[in-house]
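S.K.: Sequence below, structure please.
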Amino acid sequence: MERNYDFRKRLEVVHKPNRRDSSVRAEAGELKISEDWRIVIDDAASPLLVHTAKDLQDYLFTSMNVSVRLLRVKDIAETAALQELVIVLATSEQLPAIGGKLEKPRSYRIVAQQSRIIVCGYNERGAAQGSYFLEDQMNLREAPVLACSDDTREPLFSPRMAHSGWGLDRYPDSHLNALAHAGIDAIMVFVKDVDETPEGYQDFNYLVDRAELYGLDVYVYSYLISRLHPDDPDAKQYYESTYGRVFKACPRFKGVILVGESCEFPSKDTNTTGKLRLDWPADQPQTKPSPGWWPCQDFPQWLNLLSGTIRAHNPDADIVFWTYNWGWAPKEDRLKLIRALPENITLQVTFEMFEQIRNEHVTHVCVDYTLSNVGPGAYFSSEAEVARERGIKLHAMSNTGGLTWDFGVIPYEPFPGQWNKRHEALKKASEDWGLSGLMESHHFGWWPSFVSEIAKWAYWSPSPTYEEALAMIAKRDFGEAAAPLAVEAWNAWSEAITHYIPTNEDQYGPFRVGPSYPLVFRNAMFKKAVQMPAVKHAMFGNEIVLTDYDPLEDPRQSLGVSRIDVEIRSLERMLELMDTGNELLEEALKRTPDRKREEGVRMFGLGQFIARSIKTTIHVKQWWKLKRQLLSEGDTGKALALMERMEELARREIANAEDTIPLVEADSRLGWEPSMEYMTDTAHLRWKINQVQSVLDSEFAQYRKSLALTDSSH
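M.R.: Numbering: from 1, shown residues only. The predicted structure follows:
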């Protein structure tokens, strides 16, 4: 049983202890690292390379039970050529004969011989990635054994950006290390001012210092307010006091991410209100979008001012302009903006959003962010095509860190087959449109898992196929006897997510928090709407959870009343497949060696939690239908019959919430999300149980009394 936040203790562990299988022996064509070996770096090695060498030493000791020495030498080239029983970590500059043909940053060459391993990176970051790859291979082999080979590998995407999964904008060294091991090369921090995040003070330069030790860049995710138009007389001075001030204080920030809703400015585009949303009078109806939700014609002017201001302090700063908020807007307006953008910025486009998708006889719109639709969407494709024509650098919001808004309070989505399809689609986008960088998570954060490993394999070349990688991971994590069943379970889960229909009311409702989501009957007069308990310091708390469920209408999709039965049927099929996967994984765990079972049991708990969340969402939709019927039913007998059905449904949902409590008590990461904090821990589940019980005991009792005052016979 874990307390809240105990999951952070597990995140501290980058090198899992005692991974070594003592029965594994080196075969023909393989080498074995023993305690006679040494890790060797040059006397003048950079801090990153020194840190990498220490990390490899710790890995061998912690995971493989092998203690090796770490040495500095004056002539690394001579050591690489002549010394035996050495692991040499170096750069192409230090070993031009080995790495002279490396052309891509972070690429590396590994020459592994019976008595010598040379890891040569294009640069220090490449050498680090090569060292991590040695760990990956030994983990799969479950021994300090490597194949003798000569391999050159290079990354397909950079940057690969992620938010923290430890806590909002919080990056302990261990989490930075885990991110680097997973192939991530950049992190993001929400910025309101110099050394200020939404949660308070943080020393940005110290964060950059520490990130550099792991080969990670740091991007500003802008929360800076833009109150002036570029035409305003004081605009240049104003933006120097905001963006300029931040980059002057921390010039080593890699760049800045600009998204409409977080950094809109008072645009003069007549399609908008011309005011920041926070400045719009509360007593006036808003018939036009705020500037942050429209492809404003003066965004290029604003970007030119911003880029000049920022690059006065960091000439190489990456200015990333993300069009997330207006992917729904007319194509001609969106593309007109892309054609007018400055060439020295990076365009970021969300990969799968805004698609109109047919399900049975109704139309749904793909909302943010989901794995159910692989992508690319027409919104992405159209803007990517123009970016290619313009020669503008292109990034995608891909969520391939392993999580989307499909489920709001889980660590990752265990649907590897669907993730593989996303990876392949992104690689195709790289070929077709020059896609070069990825934003792999938002504030729901990044979590190390077998899914993040699949992404790492997919994003380096050459690599084994998806099927080969999945089989190797399953054997490592579950053992040879159980591995086929684990793969079957993952396949069932991967099919399950294809039956998920992303809607705003679900992603801001029951799927945001799962089984702690309430069943609201009526918000009585003079009483506040039902609100879930929230943590005061959380960036969003309960603000992004809409508790009074109602299908939201949108002119681009079918009416909610038409969609809801289709959604229920699709989710019922999804639940069947999740249950099938859970049964297969439970059987696999029976065949899993004891030393491997802990992680497998936790994965089983995740699968059960997802199933419970689906069940809650089905119940919420059924509750909405019955409530809608009840509140318009004038016949007392029929109304009482509807209430009986609702009571039975409520009791099933109470049982579902009760069944979830052991899951969140066993795994403290379930029920938590960085920007909301805990929303589905034991306390919230008990709150929900009490809330639903109060509907049955109080609100239904009052409603029955009102019904009793009506004589249906007249």
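
S.K.: which regions of the stretch 601-714 of the chain sit below the pLDDT cut-off?
M.R.: By pLDDT under 70, the weakly predicted segments of the stretch 601-714 of the chain are 712-714.

S.K.: could you pull out the strands for it?
M.R.: Remark: strands assigned in the stretch 601-714 of the chain by DSSP state E, counting those that start in this stretch are 672-673, 677-678.

S.K.: next one: the stretch 301-450 of the chain
M.R.: Under DSSP E, counting those that start in this stretch, the stretch 301-450 of the chain gives strands at 318-322, 346-350, 356-359, 362-365, 393-397, 435-439.

S.K.: contacting residues around the closest residue to Ser558 other than its chain neighbours?
M.R.: Leaving aside its chain neighbours, Ser558 sits nearest to Val362 (3.9 Å; criterion: Cβ to Cβ, 6 or more residues apart in numbering). All C-beta spots, glycine's among them, are computed from the backbone N, C-alpha and C. For Val362, the contacting residues are Gln557, Ser558, Ser562, Arg563, Val566, by Cβ atoms under 8 Å, 6 or more residues apart in numbering.

S.K.: Would you double-check that the second one falls in a strand?
M.R.: It stands for Ser558. No - counting by DSSP: H, G, I helix; E, B strand; the rest coil, Ser558 is not found in a strand; it is coil.

S.K.: Next, count neighbours for Gln622.
M.R.: 19 (other Cβ atoms under 10 Å).

S.K.: Apart from its neighbours in sequence, what residue is nearest Glu12?
M.R.: Nearest to Glu12 is Ser174, by Cβ to Cβ, 6+ apart, at 4.6 Å.

S.K.: could you point out which element follows the helix or strand hosting that neighbour?
M.R.: Per DSSP states H and E, Ser174 falls inside helix 173-181. Later in the chain than helix 173-181, the nearest helix or strand by DSSP H and E is strand 186-191.

S.K.: Direction included, what does that following strand pair up with?
M.R.: Counting by DSSP bridges, the strands paired with strand 186-191 are strand 160-162 (parallel), strand 217-222 (parallel).

S.K.: residue contacts, the spatially most central residue of the chain?
M.R.: Centroid-nearest residue in the chain: Ser441, 3.2 Å away (criterion: Cα atoms, centre = their mean). Contacts for Ser441 (Cβ under 8 Å, 6+ apart) come out as Met161, Ala162, His163, Gly165, Asn399, Gly401, Gly402, Leu403.

S.K.: Make a markdown table from those residues and add pLDDT to it.
M.R.: Shown next, in a markdown table, are those (pLDDT from 0 to 100):
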| residue | pLDDT |
| --- | --- |
| Met161 | 98 |
| Ala162 | 98 |
| His163 | 98 |
| Gly165 | 97 |
| Asn399 | 97 |
| Gly401 | 97 |
| Gly402 | 97 |
| Leu403 | 98 |
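
S.K.: Sort out which one of the residues you listed lies nearest Ala483 for me.
M.R.: Gly402 (20.7 Å; Cβ to Cβ).

S.K.: Pull the lowest-mean-pLDDT helix or strand in the chain out as CSV, backbone CA atoms only.
M.R.: Ranked by mean pLDDT, DSSP states H and E, the weakest helix or strand in the chain is helix 260-263, scoring a mean of 90. In CSV, the C-alpha atoms belonging to helix 260-263 read as follows (Å, rounded to 0.1, in the frame of the first residue of the first chain):
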residue,chain,number,x,y,z
GLY,A,260,-2.5,31.2,-28.6
GLU,A,261,-4.4,30.7,-25.3
SER,A,262,-1.3,31.2,-23.2
CYS,A,263,0.2,34.2,-24.9
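
S.K.: List the buried residues for that helix?
M.R.: Gly260, Ser262, Cys263 (16 or more other Cβ atoms under 10 Å).

S.K.: Buried only: go through the contacts of Val362 for me.
M.R.: Buried among the contacts of Val362 by 16+ other Cβ under 10 Å: Gln557, Ser558, Arg563, Val566.

S.K.: Quick check: the third one is in a helix.
M.R.: What that stands for is Arg563. Yes - assessed by three-state DSSP, Arg563 belongs to a helix.

S.K.: Identify the spatial nearest neighbour of it, chain neighbours not counted.
M.R.: Closest to Arg563 by Cβ to Cβ, 6+ apart is Val362, at 5.0 Å.

S.K.: Poorly predicted segments of the chain, please.
M.R.: In the chain (pLDDT under 70), the answer is 524-528, 712-714.

S.K.: circling back: so which of the strands of the stretch 601-714 of the chain is the most packed in?
M.R.: strand 672-673 (a mean of 26; mean count of other Cβ atoms under 10 Å).

S.K.: any chance you could map the helices in the stretch 251-400 of the chain?
M.R.: For the stretch 251-400 of the chain, the helices defined by DSSP state H, counting those that start in this stretch occupy 260-263, 299-311, 331-340, 378-390.

S.K.: I misspoke; the intended subject was the stretch 451-600 of the chain.
M.R.: 466-478, 483-496, 504-507, 510-513, 560-590, 597-631.

S.K.: Need these in a markdown table (columns: distance to Ser34).
M.R.: As requested, the helices of the stretch 451-600 of the chain are exported to a markdown table (distance: least, Cβ to Cβ, whole Å):
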| stretch | distance to Ser34 |
| --- | --- |
| helix 466-478 | 22 |
| helix 483-496 | 29 |
| helix 504-507 | 53 |
| helix 510-513 | 51 |
| helix 560-590 | 34 |
| helix 597-631 | 28 |
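
S.K.: Fine, thanks again, bye for now.
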